[in-house]
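Participant: I'd like to go over a predicted model; first the sequence, then the structure.
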Amino acid sequence: MNLLLLEPADLAPDGTARLTGRRLRHALEVLRAAEGDVLRVGLLGGLVGMAEVLRAGEQEIVLRPSFEEPPPERPGVDLLLAIPRPKALRKVLPAVASLGVDRVVLVNAARVEKSYFDSSVLRSDSMRELLIVGLEQARTRGCPRCWSASGSARSSRTSSTRSGRGPDASSRIPAGRGTRAAVGSDGDRDRPEGGWVPFEIELLRSRGFVPFTLGPRTLRVEVAVPYALGAIRAR
C-alpha cells in the first residue's frame, strides 16, 4: 500500500479522519506510523495529498488530511472479461484498478466454469475491496466501476453455444467512452478458461472489436490482462 485511501464517510466535520481495520493495521505495522508523522493519502474520487498523524493507537489512527494534488491521469479503457477462476480474479481486479481502467464488465462466456459463480469474490463488497487495494498500490483514487453479468447469464450458459447467446450485457450496462478491450484467447478448448468460442468472437467483431494477439505463448489471465492493457496504452 503506497497510499492510505480515505472515503468521504471517513472525514469528520472537524476535518480529521479515523481509520480502523485493514488500514489501521497497515499504518501501524508497515508504515510504523506514530504521532507527528506525515503519511501520503488520497480521497476516493477526489484529490491526493498528505495527512498528519494526530494519534495512533491499537483501536484507531486519527489523521488530519490535506488534499491538494490531482491523481495520475486515467487512460480511458473499459475491460470486458470472461469470468476467470476466482483465484485469478483476486489478482486481476487489483491490477486493473492500479492500471487505471475505468470500467470492468465480467461476463458469463461459454467456457466459464459454472462453479465460479458460487465464489465470494463475485460479491460486490469483495470486488470493491480488491479494487481499492489496487488503487492504494498505484497511488490513485478513481475506483473503476465494476459490473458482473453473471446473474442473468447463468441460466443461459448451456445455450450460449447452441442458440447464439453470448457475452452481451449492453441492455444493462451504459455505453462508455474511450478504448474497450475484451481479453481472451483461442487456445486450449478443453479448459474452462480456453477463451472465446467462435460465436462470441463474431459477436465481438459485430460490436466493433478488432482481434489482436499477444503472441504465441499461452498466458494466464492474470498475466494476459495487464499485458494487453500495456500494449493498448503503448499504441
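Facilitator: In hand now; what should we look at? Just so it is clear, the model here is predicted, and its values are computed rather than measured. Numbers count the residues shown, from 1 in each chain.

Participant: Would you map the strands across this structure?
Facilitator: 4-6, 17-19, 38-43, 48-56, 61-69, 77-82, 103-107, 145-148, 179-183 (DSSP state E).

Participant: rank these by pLDDT, which is bottom?
Facilitator: Lowest mean pLDDT within those: strand 145-148, at a mean of 82.

Participant: Convert the C-alpha atoms of that one to PDB, please.
Facilitator: Only the C-alpha atoms of strand 145-148 are listed here, as PDB (Å, rounded to 0.1, in the frame of the first residue of the first chain):
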ATOM      1  CA  ARG A 145     -16.900   0.800 -11.900                       C
ATOM      2  CA  CYS A 146     -17.400  -3.000 -12.000                       C
ATOM      3  CA  TRP A 147     -20.400  -5.000 -13.300                       C
ATOM      4  CA  SER A 148     -20.900  -8.700 -13.200                       C
END
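
Participant: got the contact list for it?
Facilitator: Contacting residues not belonging to strand 145-148 are listed as 83, 93, 102-106, 122, 124, 127-128, 131, 169, 172-173 [Cβ atoms under 8 Å, 6 or more residues apart in numbering]. Where C-beta positions appear, they are placed from N, C-alpha and C, glycine not excepted.

Participant: Redo the strands of the chain as JSON lines? Include mean neighbour count and distance to E202.
Facilitator: Output for the strands of the chain, formatted as JSON lines (neighbours: other Cβ atoms under 10 Å; distance: least, Cβ to Cβ, whole Å):
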{"stretch": "strand 4-6", "mean neighbour count": "22", "distance to E202": "41"}
{"stretch": "strand 17-19", "mean neighbour count": "20", "distance to E202": "49"}
{"stretch": "strand 38-43", "mean neighbour count": "19", "distance to E202": "42"}
{"stretch": "strand 48-56", "mean neighbour count": "17", "distance to E202": "43"}
{"stretch": "strand 61-69", "mean neighbour count": "18", "distance to E202": "46"}
{"stretch": "strand 77-82", "mean neighbour count": "23", "distance to E202": "15"}
{"stretch": "strand 103-107", "mean neighbour count": "22", "distance to E202": "15"}
{"stretch": "strand 145-148", "mean neighbour count": "17", "distance to E202": "23"}
{"stretch": "strand 179-183", "mean neighbour count": "19", "distance to E202": "12"}
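
Participant: Good, wrapping up.
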